[in-house]
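Engineer: sharing a model prediction with you, sequence too.
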Amino acid sequence: MVCEAWAWRQRNGRLSEFACRDLLLRLEQWGHVDLGVRRRRGPRGSGRKKSGIPTELIPIAEIPLTDAAANLDELVVRPIEREERLGWRVYMERYHYLGFRPLVGEQLLYAAYLDTELVALLGWASAAFRMPLRERYVGWDEPTRHRHLHLVANNVRFLVLPWVRVRHLASKVLAANLRRLARDWQRIWKHPVYLAETCVDTARFRGTCYRAANWTYLGQSAGRGKRGHHYLEHGIPKAVFVYALHRRTREWLCAPEPR
C-alpha cells in the first residue's frame, strides 16, 4: 500500500516492496512508527511456490530449523539484491560476533536458503593486502603480488543463523558458494578471481566447515592487522585457509600478466 501510494517502483516496473520494508523497519528502529507484532507467513513454505526464492532479507521470528525439517538437496546460494543490503547488515550486526563493518573494495554478498528458509549469509571482499602464508603458497614475490592481488577474494563474513541446527549445512553452503563465486565476480567486477581465502579465529572456531569443504589449511597467522597504513600487533593469531578455484590457480597467479 505504501509503494502504491508513493508510486515506488523498481526499474522493471515491480513495486519496491523489499526496500519499503527496510525503510519501515528503520523508521520503527528510530521510534517514528510502530509496526506491531510481525507474524510469520504460516507454516514453513506455505503460500509460496516451491521453486521460488524469497528476496527479502529482514529479521524474522527465530524459529528453530533442525535436521528433521531440512533437506540439503534444496539448498540455494545466491547473491543478494541491492534492496536487501540493509537486511544483510542487520543480521550481521545482530548475530555475527564481529558485527557489521563496511567492506572494503570489491565485494559480493550472498544469502543461502533451504527451500524458502533463510539459513546463512556470506560476505566476500578484496583480498588481504599482505599475508605471508598465502604468498608462500602461491609463490608470489612482491611485484607479482601487487599485479595479481585483485584475483583473490576474501571470505570476510560467514554467518549460519543461530537458530539453524543442520548437520553439514555450513560446508554445503561454502561449497555451493564457491561453485559460482568466480562467475559472479566476473559478471559484477569484470575480472575473474582464482583463489578464495579466509582467516578463522581459532579461539572461537575450529574451521571444521572449511576443512569439510576442501579448503587448504596454511597455518596460523602472526596476529597482526592493518590499520590505516600501519600494521599493528593485535595478539590474535588466526588459521589461514585458501581454496583454489581452478586447477591452474597458482600458475595464473604467478603469470607475468593477468590472464
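Structural biologist: Structure's in. What do you need? Source: prediction; values computed, not measured.

Engineer: CA atoms for contacts and neighbours, from now on please.
Structural biologist: OK.

Engineer: so the protein: which segments form each domain?
Structural biologist: As given by automatic domain parsing, the domain ranges for the chain are 1-37, 42-253.

Engineer: most tightly surrounded among these?
Structural biologist: Stretch with highest mean neighbour count among the domains of the chain: domain 42-253 (a mean of 16; mean count of other C-alpha atoms under 10 Å).

Engineer: which ones are touching the spatially most central residue of the chain?
Structural biologist: With distances taken as C-alpha atoms, centre = their mean, Leu122 lies nearest the centre of the chain, 1.5 Å away. Leu122 is in contact with Leu109, Tyr110, Ala111, Asn155, Val156, Arg157, Phe158, Leu159, counting by C-alpha atoms under 8 Å, 6 or more residues apart in numbering.

Engineer: tell me which of these fall in strands.
Structural biologist: In strands, defined here by DSSP state E, the members of the contacts of Leu122 are Leu109, Tyr110, Ala111, Asn155, Val156, Arg157, Phe158, Leu159.

Engineer: now these as CSV including distance to Arg9?
Structural biologist: CSV is the format used below for these (distance: C-alpha to C-alpha, whole Å):
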residue, distance to Arg9
Leu109, 23
Tyr110, 24
Ala111, 23
Asn155, 33
Val156, 33
Arg157, 31
Phe158, 32
Leu159, 31
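
Engineer: can you list the weak-confidence ranges in the stretch 1-150 of the chain?
Structural biologist: 10-14, 18, 22, 37-61 (pLDDT under 70).

Engineer: rerun that using 80 as the cut-off
Structural biologist: 10-19, 21-22, 25-26, 29, 37-63, 68-69, 104 (pLDDT under 80).

Engineer: okay, and the nearest residue to Pro256 once chain neighbours are set aside sits in which element?
Structural biologist: Spatial nearest neighbour of Pro256, chain neighbours left out: Thr144 (7.4 Å); criterion: C-alpha to C-alpha, 6 or more residues apart in numbering. Here Thr144 sits within helix 142-148, counting by DSSP states H and E.

Engineer: let me see the contact set for the residue nearest to Pro256.
Structural biologist: Per C-alpha under 8 Å, 6+ apart, neighbours of Thr144: Leu253, Cys254, Ala255, Pro256.

Engineer: ok, the second one to Thr208 distance?
Structural biologist: Looking back up the chat, that one is Cys254. 29 Å (C-alpha to C-alpha, to the nearest Å).

Engineer: go on, the third one?
Structural biologist: In this view, Ala255 and Thr208 are 32 Å apart by C-alpha to C-alpha.

Engineer: what segments of the stretch 151-259 of the chain are strands?
Structural biologist: 152-160, 164-165, 195-200, 216-220, 224-227, 230-233, 239-244 (DSSP state E, counting those that start in this stretch).

Engineer: looking at the ones you listed, which is closest to Asp67?
Structural biologist: strand 164-165 (6.8 Å; C-alpha to C-alpha).

Engineer: tell me the phi and psi of Pro162?
Structural biologist: phi -60, psi -20 (degrees, to the nearest 10).
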